[in-house]
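In: Let's see this in three dimensions:
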Amino acid sequence: MATSEKQVMVVGIDDSEHSTYGLEWTLDHFFTPSLSSNSLFKLVVVHAKPSASSAVGFAGPGAGEILPFVESDLKKTAARVVEKAKEICTSKSVYIISASLQASDVIFEVVEGDARNVLCEAVDKHHASILVVGNHGYGAIKRAVLGSVSDYCAHHAHCTVMIVKRPKIKQCN
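Out: Now for the predicted structure:
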């Protein structure tokens, strides 16, 4: 049997519940334990860490003094997001910590920049065939003001983009 290179799937993560759901859904549907050794995909989990200057969003007296604190906080958030993603992958037997060089077909990356650009660049860097992003469920106005990572990626990524929507929870009255 000929050995073929596995396709790459990039999953964008942040610190939202929508992102967590998107990662869990992807693992459940593409990386189940029964498929883990025979999965068709290598998984690249990417977190876009905003730059401190973009997070602060202002310049002027005092801005330079705040930036180191903001940078430190952003690094802690990124580490927490990646650690949570590793825990999710481990709990679903997708990410196995081992001394072997090919312990797992999972890579975790933190890249500084705007999530829209970071994810599209990760697709190109890893030659991904699928990009998975969660959907925050913003309405049209919020999406227009904040910008939608999923909308941007759907139009600009050089691969198939799968937007995972978290089911709405029905409340009983």
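
In: Show me what the longest helix belonging to the chain packs onto, helices and strands only.
Out: Longest helix of the chain, by residue count under DSSP state H: helix 63-91. Applying 3 or more CB pairs under 8 Å, 6 or more residues apart in numbering; DSSP states H and E, one finds that helix 63-91 contacts strand 7-13, helix 17-30, strand 41-49, helix 52-56, strand 106-112. (C-beta placed from N, C-alpha, C; glycine too.)

In: Looking at these, which is nearest to Val123?
Out: strand 7-13 (5.6 Å; CB to CB).

In: Show me how far the closest one is from its chain's centre.
Out: Put simply, strand 7-13 sits 7 Å off its chain's centre (CA atoms, centre = their mean, to the nearest Å).

In: Just the mean pLDDT for it, thanks.
Out: Averaging pLDDT along strand 7-13 gives 96.

In: Parallel or antiparallel, list what pairs with that strand.
Out: strand 41-49 (parallel), strand 130-135 (parallel) (DSSP bridges).

In: out of those strands, deepest packed?
Out: Among the strands paired with strand 7-13, judged by mean count of other CB atoms under 10 Å, the one packed with the most neighbours on average is strand 130-135 (a mean of 24).

In: Quick one: residues in contact with it.
Out: Strand 130-135 is touched from outside by 7-14, 16, 18-23, 26, 41, 119-120, 122-123, 149-150, 153, 157, 159-166, with contacts defined as CB atoms under 8 Å, 6 or more residues apart in numbering.

In: Just the buried ones from these?
Out: Buried residues within the contacts of strand 130-135, defined by neighbour count using 16 or more other CB atoms under 10 Å: 8-14, 18-23, 26, 41, 119-120, 122-123, 149-150, 153, 157, 159, 161-164, 166.

In: Quick one: name whatever helix or strand follows the lowest-mean-pLDDT helix or strand in the chain.
Out: Ranked by mean pLDDT, DSSP states H and E, the weakest helix or strand in the chain is helix 140-146, scoring a mean of 57. Using DSSP states H and E, the helix or strand that directly follows helix 140-146 along the chain is helix 149-156.

In: what helices or strands is that next one leaning on?
Out: So helix 149-156, by 3+ CB pairs under 8 Å, 6+ apart, packs with helix 115-126, strand 130-135, strand 160-165.

In: got any ranges where this structure has weak pLDDT?
Out: Applying pLDDT under 70 to the chain flags the ranges 1-4, 33-38, 56-63, 96-104, 137-147, 170-173.

In: List the buried residues for stretch 46-59?
Out: Buried, per 16+ other CB under 10 Å, within stretch 46-59: Val46, His47, Ala48, Lys49, Pro50, Ala52, Val56.
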